[in-house]
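**Q** Would you be able to build a 3D model of this:
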Amino acid sequence: MVNFYSILLGIVTFALISDSSESDWTESSPGIAMDYRIHIDAGKEDCYYQHVHSGSTIFTSVNVLKGGDGKAGLTIRNPQNLVVLPYDWKSNFDFEEVSQTGGYYAICIDNQFSKFSDKLINLYITTFRPDLWEKYTAELEQTEIHVANFTESLRWVDTRINMMLQQQAQSRAREARDFQLMIDNHNWIFLWSLGLCIALVVTSVTQVFVIRKLLSGTGAGSSNAKAGPRA
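**A** Numbering: from 1, shown residues only. Have a look, this model is predicted:
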């Protein structure tokens, strides 16, 4: 069974490569997955646009990795410019929708509530077109490759692959966020320890200086008292 699925996936991949040589690969591909690292300045907003075909599914995941309070604002609008994900200010976002008309989705991320802190954000976008899978299934059937429940099996495999990709994207985002937190903690501990060491050295030097000065003054006073006036 594994070899059979490998052969089928190889045929589909070959067909995708053949089609992509003649037209835009984004138009001929049944699925697209993109992972971005975004830097947003304090008080700024960036919008990103992803084209989705009619009947396709779009999934978006946004995770704040570093900066300030660890939160950002997100709003998503559909091709009709209607808000499909209302504005919210938090550290993690997940959005999924089946586009009925197709067009460009606007994914707007802002950092308006942070006046001094920049943000490092992980943006993951994936789209899936079931109509292309059906197209390739029909082509395979025309070449007399008949497999029972082929379409359903292929959809099941693709669904599981999309789920794995989403989980991997979320895991990478959490890992990157934890790594940034570890770096920040390391820097904070280093600077705090360095400050304590400097304070300790300054305090010790000050104490030695004050004690020596006091002892010097006491010794001089004792010498004068012993000498006293002479007749």
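
**Q** Give me the below-cutoff pLDDT ranges for the protein.
**A** Applying pLDDT under 70 to the chain flags the ranges 1-28, 137, 140-151, 217-231.

**Q** What segments of it are helices?
**A** Assigned by DSSP state H, the helices in the chain fall at 2-20, 25-28, 130-142, 150-227.

**Q** so what's the nearest residue to residue 154 once chain neighbours are set aside up against?
**A** Closest residue to residue 154 apart from its sequence neighbours, by Cβ to Cβ, 6 or more residues apart in numbering: residue 133 at 5.9 Å. Just so you know, the C-beta spots here come from the backbone N, C-alpha and C atoms, and that holds for glycine as well. Residue 133 sits next to 30, 151, 154, 155, 158 when contact means Cβ atoms under 8 Å, 6 or more residues apart in numbering.

**Q** For those residues, pick the one with the most neighbours.
**A** Within the contacts of residue 133, most neighbours by other Cβ atoms under 10 Å means residue 154, with 22 neighbours.

**Q** which residues touch residue 46?
**A** Neighbour list for residue 46: 38, 40, 108, 109, 110 [criterion: Cβ under 8 Å, 6+ apart].

**Q** So what sits opposite it in the bridge?
**A** Judged by DSSP bridges, the bridge partners of residue 46 are residue 109.

**Q** neighbouring contacts of stretch 29-45?
**A** By Cβ under 8 Å, 6+ apart, stretch 29-45 touches 16, 20, 26, 46, 48, 65, 68, 72-73, 108-112, 114-130, 132-133, 136, 158, 162, 165, 169, 172.
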